[in-house]
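1. Next come a sequence and a model predicted from it.
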Amino acid sequence: MIEPGKVNKQHDLHMRSRKQLELTGVQNVESFDSEEFLLHTELGHLTIRGNHLHIKNLSLENGMLSLEGNVHSLIYLDPGSQGKNKGLLGKLFK
């Protein structure tokens, strides 16, 4: 049973051959360059690292993002661990 006032958050990620990513539930693109994307999703912050990364399609109204390039890593920052994470990501997402 879903409690009143709680919204069911949705975030999906589909990767093809580590070259194409399609994401839903994207709320904001914090920053990006050809080697790193910092995103705010429905389920927390996500860092995508690689090379030759670029946006293929972006619709924040629909929460959709498509990327192309060579994906090396996907890192989620757990919203409950902000006090524990003192690294670079912890400083960026205060």
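-> Ah, there it is.
2. What residues are bridge-paired with the closest residue to residue 30 other than its chain neighbours?
-> In space, and not counting its chain neighbours, residue 30 is closest to residue 38: 4.0 Å by C-beta to C-beta, 6 or more residues apart in numbering. Yep, even glycine has a C-beta here, placed from its N, CA and C like the rest. Assessed by DSSP bridges, residue 38 has beta-bridge partners residue 31, residue 47.
3. Residue 38 and residue 8: what is the separation?
-> 25 Å (C-beta to C-beta, to the nearest Å).
4. Quick one: the strands in this protein, in order.
-> Applying DSSP state E to the chain gives strands spanning 13-16, 20-23, 26-32, 36-41, 44-59, 64-77.
5. now, of these, which is deepest in the fold?
-> Per residue and on average, the most neighbours among the strands of the chain fall to strand 36-41, with a mean of 20 (mean count of other C-beta atoms under 10 Å).
6. Give me the distance from it to the chain's centre.
-> 4 Å (C-alpha atoms, centre = their mean, to the nearest Å).
7. That one vs strand 44-59, what angle?
-> Relative orientation of strand 36-41 and strand 44-59, computed by axes from the mean of the first three to the mean of the last three C-alpha atoms, to 10 degrees: 100 degrees.
8. And the contacts of strand 36-41?
-> Strand 36-41 is contacted from outside by 11, 23, 25-32, 45-50, 53, 65, 67, 92, using C-beta atoms under 8 Å, 6 or more residues apart in numbering.
9. tell me, what residue is most central in the chain?
-> residue 46 (3.4 Å; C-alpha atoms, centre = their mean).
10. Relative to residue 16, how far out is the nearest residue to that one once chain neighbours are set aside?
-> Spatially, and ignoring its direct neighbours in sequence, residue 46 is nearest to residue 39 (4.6 Å; C-beta to C-beta, 6+ apart). Going from residue 39 to residue 16 by C-beta to C-beta gives 18 Å.
11. And for residue 38?
-> Distance from residue 38 to residue 16, by C-beta to C-beta: 22 Å.
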